[in-house]
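# Sequence and predicted structure, then a few things I'm wondering about:
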Amino acid sequence: MSHLPEPSVEALAVSRTLCRRIAQTIGDAGGWIPFPHYMEMALYSPGCGYYAAGSHKLGSAGDFTTAPEMTPLFGRTLARQVAQLLPETAGTIYEFGAGSGILAADMLEALDAAGSLPERYAIIDLSADLIERQKATLARRVPHLADRIQWLDALPDRLDGIVIGNEVLDAMPCELIRHEGTWRRRGATVKDGALAFEDRPIDDAGLAERAARLVPPLPGYTTEISLANLAFIRTLADRLERGALLFVDYGFPESEYYHPQRHMGTLIGHYRHHTVDDPFFLPGLMDLTCHVDFTAIALAGTEAGLDLIGYTTQAHFLVNAGITEELQALDPNDPARYLPHSVAVQRLVSPAEMGELFKVIGFGRKIGFDWIGFASGDRCHML
């Protein structure tokens, strides 16, 4: 992949350390590990996994850019939805995978200005590196709210508040399956000294059951099933006593996710703002994600007793919740400040950019159904 930027000597050393660790794990397991095990190590292995090492991941200097990094108007708009729901709960916001902390800072500033501050803002994140960045961001942006912010290393036994996850579901390790006469489970092995795919019979009952529901359109059809996503939603549902779950991510309903034209699946790597098809390229230096099957997410939540409040595109949700009002509140006579946010909002809501691919799904328990973000354009009927 000569067209991709060369890593630094230090970064390459980190990746090689991780490759040796993965190869050792494969050897200890008898020569093969399921793909989710590989993906978990590539992303979260202590000291050298993508989210556990010190590389700059977010923004123009990193590997990808998220909505909060583009404009604070995204966070301010989410804050409008949160402000509507927070009084119906014990007043805690739980954010999973808080990135650089920018979304938390933007939301807290907006909620502070609106007189709707949470009693507590709890961040649950697996990356020690990102946690340090979050602490620095929040200390700089909202130092007067330090007593309301905390970091948790485990999910609380009970949740009473608003759970938020922006681009969290896509980063959870996924199963890869491939159909060659029958469904087979993809995994990682070592061939000629390099990491490589090897397919084996499916030996996991849950995965086999979900794979059996799919009708492969042609030989070689490859796709993903995220058992981790489903387990995560069920766990949240088990612990949510009252409140809301709100997730923003890229993905499709099942009918589109497993469409014949998507025969190579959705797994993709992100490296220095380039997309990479090979998941074994520079482990530890490249993000790995797969799109979200929102039908599976909706079923996991409702089967666990949650109310499905809404499902819509990011564009509909943001416009419903007031992103245009947030943009209009800026001074258009100050083009140096106004224009970048105007361009960012266009990217967030344009069907050709993030507006259609990104979706928003909301669940509730013992909370009102009339969320402003789902006031129009709801697509639950398409799930």
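Done, it's in. Numbers count the residues shown, from 1 in each chain.
# and the longest helix anywhere in the chain, what does it pack onto?
Secondary structure assigned by DSSP state H gives helix 9-28 as the longest helix of the chain. If you count contacts as 3 or more CB pairs under 8 Å, 6 or more residues apart in numbering; DSSP states H and E, helix 9-28 packs onto helix 35-44, strand 183-191, strand 194-201. Backbone N, C-alpha and C define where each C-beta goes, glycine included.
# What strands line up against the second one, and which way round?
Pointing back at strand 183-191 there. With DSSP bridges as the test, strand 183-191 is paired with strand 33-34 (antiparallel), strand 175-179 (antiparallel), strand 194-201 (antiparallel).
# of these, which approaches residue 258 most closely?
strand 175-179 (10.8 Å; CB to CB).
# how far off helix 35-44 does the closest one point, in degrees?
Strand 175-179 runs at 140 degrees relative to helix 35-44, counting by axes from the mean of the first three to the mean of the last three CA atoms, to 10 degrees.
# Can you give the contact residues for strand 175-179?
34-36, 183-186, 199, 202, 204, 207, 211, 216, 219-227, 265, 267 (CB atoms under 8 Å, 6 or more residues apart in numbering).
# Also stretch 331-351?
Counting by CB under 8 Å, 6+ apart, 67, 70-74, 314-315, 318-319, 323-324, 327, 330, 353-355 sit against stretch 331-351.
# Tell me the buried residues in that stretch?
341, 344-345, 348-349 (16 or more other CB atoms under 10 Å).
# ranges for the helices of the stretch 151-300 of the chain?
205-212, 227-239, 254-257, 294-303 (DSSP state H, counting those that start in this stretch).
# Tell me which of those helices sits most buried.
Highest mean neighbour count among these (mean count of other CB atoms under 10 Å): helix 294-303, with a mean of 20.
# mean confidence score for that helix?
The average pLDDT for helix 294-303 rounds to 98.
# Ok, stretch 198-208 next?
Rounded mean pLDDT across stretch 198-208 is 96.
# Distance from the chain centre to it, please.
25 Å (CA atoms, centre = their mean, to the nearest Å).
# residues touching residue 24, list them.
No contacts exist for residue 24 under CB under 8 Å, 6+ apart.
# That one and residue 15: what is the separation?
15 Å (CB to CB, to the nearest Å).
# hang on, the earlier thing: quick check: the farthest pair among the buried residues of stretch 331-351?
The largest distance within the buried residues of stretch 331-351, taken as CB to CB, falls between 341 and 349 and amounts to 12.5 Å.
# Residue 82 and residue 107 touch, don't they?
Yes: with contact defined as CB atoms under 8 Å, residue 82 reaches residue 107; the gap is 6.7 Å.
# Can you pull the residues that touch both of the two?
residue 93.
# higher neighbour count, these two?
Ranked by neighbour count (other CB atoms under 10 Å), residue 82 and residue 107 place residue 107 first, with 28 against 25.
# Who are the packing partners of the helix or strand hosting that one?
Following DSSP states H and E, one finds residue 107 within helix 102-113. Helices and strands touching helix 102-113, by 3+ CB pairs under 8 Å, 6+ apart, are helix 67-70, helix 72-85, strand 92-96, strand 120-124, helix 128-141.
# of all these, which lies closest to residue 366?
helix 72-85 (11.4 Å).
# what angle do the closest one and helix 102-113 make?
60 degrees.
# Show me what helix 72-85 is packed against.
Using 3+ CB pairs under 8 Å, 6+ apart: helix 72-85 touches helix 67-70, helix 102-113, strand 159-166, strand 240-252, helix 314-321, helix 323-328, helix 335-349.
# how about the ones you listed in JSON lines, adding mean pLDDT and distance to residue 362?
Converted to JSON lines, the helices and strands packed on helix 72-85 look like this (pLDDT from 0 to 100; distance: least, CB to CB, whole Å):
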{"stretch": "helix 67-70", "mean pLDDT": "95", "distance to residue 362": "17"}
{"stretch": "helix 102-113", "mean pLDDT": "98", "distance to residue 362": "16"}
{"stretch": "strand 159-166", "mean pLDDT": "98", "distance to residue 362": "10"}
{"stretch": "strand 240-252", "mean pLDDT": "98", "distance to residue 362": "5"}
{"stretch": "helix 314-321", "mean pLDDT": "98", "distance to residue 362": "9"}
{"stretch": "helix 323-328", "mean pLDDT": "96", "distance to residue 362": "17"}
{"stretch": "helix 335-349", "mean pLDDT": "92", "distance to residue 362": "18"}
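# what's the closest of these to residue 194?
Among the helices and strands packed on helix 72-85, strand 240-252 sits nearest to residue 194 (CB to CB), with 29.8 Å.
# can you give me the angle the closest one makes with helix 294-303?
170 degrees.
# From the contact counts, what lies against strand 240-252?
Checking 3+ CB pairs under 8 Å, 6+ apart, strand 240-252 ends up next to helix 72-85, strand 159-166, strand 292-293, helix 294-303, strand 358-365.
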